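J.: Test case, fold it:
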Amino acid sequence: MTSEQQRSTSIEETIKSQERELAITETLWDQVLTAFKGIQKELQEDARIRGMSNRYMTSMPSVAPRTGSVKPPDFSTAPK
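T.: Reported below is the predicted structural model:
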């Protein structure tokens, strides 16, 4: 095999690898989007059951609040 053929083969293998990675990435993002839509639907149904309006749901921020910012209770100062 000549160096030109080796280079051509290497380029083809790189392109195939990148195409495979792209296909996997697209599939994973499709799954994430599907899961997100399912969660969103469940939240809307839960809100409907609890008596909240759809108008309220659409005005909510698209990013969930961070729960890590809430301080846990300090049990060291609690009476024994």
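J.: Could I get the full set of helices for the protein?
T.: Residue ranges of the helices in the chain, as given by DSSP state H, are 3-49, 54-58.
J.: Could you list the low-confidence segments of the protein?
T.: For the chain, the stretches flagged by pLDDT under 70 are 52-80.
J.: how much space between the closest residue in space to Met1 that isn't next to it in sequence and Thr25?
T.: Sequence neighbours aside, Thr9 is the residue nearest to Met1 in space, at 7.6 Å (criterion: CB to CB, 6 or more residues apart in numbering). To be clear about C-beta, it is placed using only N, CA and C from the backbone, and glycine gets the same treatment. Plainly put, Thr9 is 25 Å away from Thr25 if you go by CB to CB, to the nearest Å.
J.: For Arg50, which residues are in contact?
T.: By CB atoms under 8 Å, 6 or more residues apart in numbering, the contact list for Arg50 is empty.
J.: Got the phi and psi for it?
T.: phi -80, psi 0 (degrees, to the nearest 10).
J.: And Leu22, how close does it get to Glu12?
T.: 16 Å.
J.: ok, now how distant is Arg7 from Leu22?
T.: Arg7 is 22 Å from Leu22, by CB to CB.
J.: Same question for Gly51.
T.: 45 Å.
J.: try Gly38
T.: 25 Å.
J.: How about Asp30?
T.: Counting by CB to CB, the gap from Asp30 to Leu22 is 13 Å.
J.: Kindly report the same for Ile15.
T.: Where Leu22 is concerned, Ile15 sits at a distance of 10 Å (CB to CB).
J.: any shared contact partners between the two?
T.: With the criterion set as CB under 8 Å, 6+ apart, the contacts of Ile15 and Leu22 do not overlap.
J.: Now for Glu26, how many residues are close by?
T.: Neighbours of Glu26 under the rule other CB atoms under 10 Å: 10.
J.: Output stretch 16-33 as PDB, restricted to C-alpha atoms.
T.: Coordinates of each C-alpha in stretch 16-33 appear next as PDB, following Å, rounded to 0.1, in the frame of the first residue of the first chain:
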ATOM      1  CA  LYS A  16     -16.500   6.800   9.500                       C
ATOM      2  CA  SER A  17     -15.600   7.100  13.200                       C
ATOM      3  CA  GLN A  18     -16.800  10.700  13.400                       C
ATOM      4  CA  GLU A  19     -20.000   9.800  11.600                       C
ATOM      5  CA  ARG A  20     -20.600   6.900  14.100                       C
ATOM      6  CA  GLU A  21     -19.900   9.300  17.000                       C
ATOM      7  CA  LEU A  22     -22.300  11.800  15.600                       C
ATOM      8  CA  ALA A  23     -25.000   9.200  15.100                       C
ATOM      9  CA  ILE A  24     -24.600   8.100  18.700                       C
ATOM     10  CA  THR A  25     -24.700  11.600  20.000                       C
ATOM     11  CA  GLU A  26     -27.800  12.400  18.000                       C
ATOM     12  CA  THR A  27     -29.500   9.300  19.400                       C
ATOM     13  CA  LEU A  28     -28.600  10.100  23.000                       C
ATOM     14  CA  TRP A  29     -29.900  13.700  22.600                       C
ATOM     15  CA  ASP A  30     -33.100  12.300  21.100                       C
ATOM     16  CA  GLN A  31     -33.500  10.100  24.200                       C
ATOM     17  CA  VAL A  32     -32.800  13.100  26.500                       C
ATOM     18  CA  LEU A  33     -35.400  15.200  24.700                       C
END
